[in-house]
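Colleague: Show me the folded form of this:
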Amino acid sequence: MKLEVEYMVETLSSFLKPLIAQGSFELYDIDFIEKMGFSIEKIVYDNITRNIIITAPDRPEKSSIIGKGGWVVGRLREELNVNNIHVEAYSDIVLRVYRMELALKKLEKIITSLDNQTSQPLKNLQDILRIRIKNLDIFDFIQEFNRELSNLKSNADDISNNKKLNAVVALSGGVDSSFSLIVAKLMGFNPLAVTINPGNIILPSYFRNNVENLTKSLNVPHVYVDVNMDSVVDEALKGKIHPCGRCSKIIENTLLEYSKKIEIPFPIFGDFLATGSQSIVSLDGLWRINLPAMLSATKGETKSLSSYFNIKSMGGYGCPLINEVHKKHPYMRRFSMQRILRETRAGVFEPGQALDLIIKTL
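Modeller: Residues are numbered from 1 along each chain as shown. Okay, here's the model as predicted:
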């Protein structure tokens, strides 16, 4: 394994070092067939950030470039003295782009049925989808919205009391829902953050702290809506059910009902599924939006954007309830693993991320 790592590192570094010395570059269809058995679709180097993005043809080539345990990219980063090396599979990019194209077509149809003021945030979503579709391999939310994020962080983008709320964002305090609130704000929604509160065993204090810190940073109004989850908690702790599906459904229905009650048309969730045209659907006069799914975001992207506002991933799987269920009823862990694998197949998790989460459920 050591020889394989060193060979890969030497092959790539000998090719890249002279190019990096000359500054930023963007190369396509680089032939490494004789040396490594495959070509590389694209390599991009940014001399300002000192980051490299490598697009491999498919996942097997991506795995080779990353190396077992990340040894190849880790050693290559040291050898080239760059800040970061990110490796993507072109096959994954194609799928994510296709899903965004489906979402874009759906948005185009919806926008024609809405007035200009109501549809403006959706038009902004159209614009960002077009940019991501064209440049997904190098797209970065923080770089794309650098000025806007800086304004949000400094509270320069204050909410006007005369501005009507037009979106409800489900905010649990995790990185995915935090990403959704940040993006909703960037897209021109005037959101109300709503945290469905099922009790401390599902919504612990550190998530509440994230919620309150983020809404304060973004200057977004926020409310808690209590919901009784006693039967779910009781049945889960007795080993009768895996709680995640039922818990998610109760939270979703509660937020949708709340949106209808206060007559806000866009309930927004931090879900990665369903994707494409199903990332925005009509439900009883509302337009339910899964923002990460619509944008074909990855876990890495939601973590990166959320961390800009000091929202950190807790690193484990799920809430305190599911962790307690795993301890009391180990057979329930397989259902948690199935949920992790489902999102891995959808391209949300990298295989390494999924493996880490699975290990933490054991």
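Colleague: which residue is nearest the middle of the protein?
Modeller: When Cα atoms, centre = their mean is applied to the chain, the residue found nearest the centroid is residue 302 (3.4 Å).
Colleague: for the stretch 51-200 of the chain, what spans make up the strands?
Modeller: For the stretch 51-200 of the chain, the strands defined by DSSP state E, counting those that start in this stretch occupy 51-56, 84-89, 167-170, 191-197.
Colleague: Of all those strands, which one is nearest residue 19?
Modeller: strand 51-56 (10.1 Å; Cβ to Cβ). Bear in mind the C-beta positions are built from the backbone N, C-alpha and C, glycine included.
Colleague: ok, back up a step: please identify the most buried of the strands of the stretch 51-200 of the chain.
Modeller: Using mean count of other Cβ atoms under 10 Å, the stretch among these with the largest mean neighbour count is strand 167-170, at a mean of 26.
Colleague: Summarise which helices and strands it is packed against.
Modeller: With contacts taken as 3 or more Cβ pairs under 8 Å, 6 or more residues apart in numbering; DSSP states H and E, strand 167-170 sits against helix 175-186, strand 191-197, helix 243-261, strand 266-269.
Colleague: Centre of the chain to that strand, how far?
Modeller: 17 Å (Cα atoms, centre = their mean, to the nearest Å).
Colleague: Name the residues of stretch 16-30 that are buried.
Modeller: 16, 20 (16 or more other Cβ atoms under 10 Å).
Colleague: So for it, first residue to last residue, what's the gap.
Modeller: 11 Å (Cα to Cα, to the nearest Å).
Colleague: what's next to that stretch, contact-wise?
Modeller: The contact list for stretch 16-30, computed with Cβ atoms under 8 Å, 6 or more residues apart in numbering, reads 15, 39-48, 52, 79-80, 82.
Colleague: can you pull the contacts of residue 281?
Modeller: Neighbouring residues of residue 281 by Cβ under 8 Å, 6+ apart: 287-288.
Colleague: and the helix or strand containing it, which strands flank it?
Modeller: Element membership for residue 281 (DSSP states H and E) is strand 280-283. Sheet pairing for strand 280-283, assigned by DSSP bridges, gives strand 286-290 (antiparallel).
Colleague: circling back: what pLDDT does the model give the residue nearest to the centre of the chain?
Modeller: With respect to pLDDT, residue 302 scores 94.
Colleague: My guess is it contacts residue 179. True?
Modeller: Yes: look at residue 302 against residue 179 with Cβ atoms under 8 Å: they come within range, at 3.9 Å.
Colleague: Could you tell me which residues touch both of the two?
Modeller: Counting by Cβ under 8 Å, 6+ apart, the residues touching both residue 302 and residue 179 are 270, 292.
Colleague: Provide the secondary structure category for residue 13.
Modeller: helix (DSSP: H, G, I helix; E, B strand; the rest coil).
Colleague: Any buried residues in the strand holding residue 281, and which?
Modeller: residue 280.
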